[in-house]
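Colleague: kindly return the folded structure for what I paste below:
(one chain, ligands or ions: 1)
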Amino acid sequence: MAEKAVLGFLEKEEEIPDSGQFATERGIDHDDIVNVIKSLRGFGFVDAQDIKREKWVLTEEGRTYAAAGSPEVQFFLAIPAEGIPPVELQRNLDPSIFKIGRSQAVKNQWVEMGKQRVSRKVPHVEDRVKDLLIGVQDGEVINPEDVDALKRRKLITPQIWKGYSIRKGANYAPERKKVATDLTRDYLQRGDWKELEFKEYNFSAKGQPVEGGHLHPLLKVRQQLQMIFLQMGFEEMPTNNFAESSFWNFDALFQPQQHPARDSHDTFFLQVPSTTKMLPEDYVERVKSVHESGGYGSRGYGYDWKREDANKNVLRTHTTAVSSRMLYLLAQKPFAPKRYYSIDRVFRNEAVDRTHLAEFHQIEGLVCDRGLTLGDLKGVLSDFFSRLGMSKLRFKPAYNPYTEPSMEIFGYHEGLKKWVEIGNSGMFRPEMLLPMGLPEDVRVIAWGLSLERPTMILYHIDNIRDLFGHKVDLSLIKKNPICRLGIE
Ligand code: FB9
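Modeller: Okay, here's the model as predicted:
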């Protein structure tokens, strides 16, 4: 309809001077006219010159007063002839109408604001603001002083109106012939293919973007870290169980049952199944004993260890639970040194913030061999983190229930030009290793970090919700650079 109106008008007239007026006179939506003009101009049917006009439109507040009257008039009309107590008047009006209406009505000297009574100072008032707003709505010309007054009260706002003046173009025709894009069976059978005009092929048109699969940045960094571990001779541990018994997650690590981390404020406990069914009973007895009365040179914790606490199922709070399972298995056969690693999700019932969720991917490495020392731990950490681009390390004494000594690890990040906490580490305690049955001279050095932190730094993401969770912008998943670490 819009196209017919434009081409038909130009058949008889030289020009459509104003597309806005043209649309209003014919009851056609101006946006439809604009779309048709852009299409016809593209094929040379019309020439179009831009027209820009600044016009005033009502704000949301302005539209409210154009409909219901200005707040000062509403305020005035709410005062009966005999006057009214201010508190009662306030109760009868919307708070914003009361506040704005009172201020304007006093300014217009329409009302007397007594402490006990609000009364009218004039018998009648005109709602000039409402009349002006309706005038603006109807496109009437308003004098500059009134425009300023309405603008100051944020009742109107400027809007740039864009339209066109249109004339015939080089390819003008009173009607646009539909150009065919395909030679179909119907055309051939009907024979009217002979009269057809075919649309030219646009060989420079870009093809449809091919939607393929996309790797999440976390998985890209995980893959690189897996390569680093494999290049260093580490084997991956089986981490395919998010649910774990408190025994393997805490007790086997010599973490006491009253440790705060074992509280439901820090740990997710499973309801179904709430307890584990199978534990190696002889090993459980040795763990119970080392917690209660020590052994192997340790004093233990001296508390009554409860089997029912060890049986409680949790969402694992660290992949160290898997490390304890693997080290126990290692101790069931003649000793051979091992290097293990794990990268998988762990869950903590903690307060979430910009960089922490209730879950994250833990990366853990461990080396199990006879006679290892803290120096070996520092050495393996230097090798590992240098492959992550962090060659300057600092270590700070720390505490973990299952490692002694323990160290927090800091690395100097050349990009951020600052020291960054990059993980935690330590040597598993004898109270953890010896009840498993590992030989007395076997030591285990281990360390951990998260997958999210390096990924957020490498991909310049500062809110973890932009990386992980239901609010992730899929375009980040589709478009993000490759990750290349560990290219020694
Ligand atoms: O990942 C962490 N930081 C980090 C790591 C790498 C990195 O790479 C650079 C760009 C190249 C940058 C930063 N951190 C550990 C340190 C902090 O982010 C810390 O605030 C958050 N930590 C998590 C725990 O938060 C509840 C990161 C996570 C963490 C901490 C400790 C362990 C594992 C993960 C551990 C362990 C451990 C210790 C001893 C024996 C076995 C395991």
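Colleague: ranges for the strands of the stretch 251-400 of the chain?
Modeller: For the stretch 251-400 of the chain, strands defined by DSSP state E, counting those that start in this stretch occupy the ranges 313-315, 338-347, 359-370, 393-400.
Colleague: these into TSV, with extra columns for mean neighbour count, mean pLDDT and distance to residue 450?
Modeller: C-betas here are computed from N, CA, C, even on glycine. Output for the strands of the stretch 251-400 of the chain, formatted as TSV (neighbours: other C-beta atoms under 10 Å; pLDDT from 0 to 100; distance: least, C-beta to C-beta, whole Å):
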stretch	mean neighbour count	mean pLDDT	distance to residue 450
strand 313-315	21	98	16
strand 338-347	20	98	9
strand 359-370	21	97	5
strand 393-400	14	97	15
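Colleague: how about those, which one is nearest residue 161?
Modeller: strand 359-370 (52.1 Å; C-beta to C-beta).
Colleague: export the strands of the stretch 251-400 of the chain to a markdown table and tack on distance to residue 46?
Modeller: Formatted as a markdown table, these follow (distance: least, C-beta to C-beta, whole Å):
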| stretch | distance to residue 46 |
| --- | --- |
| strand 313-315 | 67 |
| strand 338-347 | 61 |
| strand 359-370 | 59 |
| strand 393-400 | 70 |
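Colleague: any chance of the ones you listed in JSON lines, plus distance to the ligand?
Modeller: Formatted as JSON lines, these follow (distance: least, C-beta to the nearest ligand atom, whole Å):
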{"stretch": "strand 313-315", "distance to the ligand": "14"}
{"stretch": "strand 338-347", "distance to the ligand": "8"}
{"stretch": "strand 359-370", "distance to the ligand": "5"}
{"stretch": "strand 393-400", "distance to the ligand": "5"}
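Colleague: may I see the buried residues of the longest helix that the chain contains?
Modeller: As assigned by DSSP state H, the longest helix anywhere in the chain is helix 217-231. Neighbour-count burial for helix 217-231, with 16 or more other C-beta atoms under 10 Å as criterion, is recorded at 217, 218, 220, 221, 222, 224, 225, 226, 228, 229.
Colleague: so the closest residue to the ligand within the stretch 301-450 of the chain is in which element?
Modeller: Taking C-beta to the nearest ligand atom as the measure, the stretch 301-450 of the chain has residue 448 as its residue closest to the ligand, at 2.4 Å. According to DSSP states H and E, residue 448 maps onto strand 442-450.
Colleague: what is the neighbour count of residue 311?
Modeller: 17 (other C-beta atoms under 10 Å).
Colleague: now it: closest residue in space, sequence neighbours ignored.
Modeller: residue 275 (4.2 Å; C-beta to C-beta, 6 or more residues apart in numbering).
Colleague: am I right that that neighbour is in contact with residue 312?
Modeller: Yes: with contacts counted by C-beta atoms under 8 Å, residue 275 reaches residue 312, the gap being 6.2 Å.
Colleague: format the buried residues of helix 217-231 as JSON lines; extra columns: distance to the ligand.
Modeller: Formatted as JSON lines, those follow (distance: C-beta to the nearest ligand atom, whole Å):
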{"residue": "217", "distance to the ligand": "12"}
{"residue": "218", "distance to the ligand": "13"}
{"residue": "220", "distance to the ligand": "13"}
{"residue": "221", "distance to the ligand": "9"}
{"residue": "222", "distance to the ligand": "13"}
{"residue": "224", "distance to the ligand": "11"}
{"residue": "225", "distance to the ligand": "10"}
{"residue": "226", "distance to the ligand": "15"}
{"residue": "228", "distance to the ligand": "12"}
{"residue": "229", "distance to the ligand": "14"}
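Colleague: in CSV: those residues, plus pLDDT and distance to residue 53.
Modeller: What follows is those, written out as CSV (pLDDT from 0 to 100; distance: C-beta to C-beta, whole Å):
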residue, pLDDT, distance to residue 53
217, 94, 48
218, 95, 52
220, 95, 52
221, 96, 54
222, 97, 57
224, 96, 57
225, 97, 60
226, 97, 62
228, 97, 63
229, 98, 66
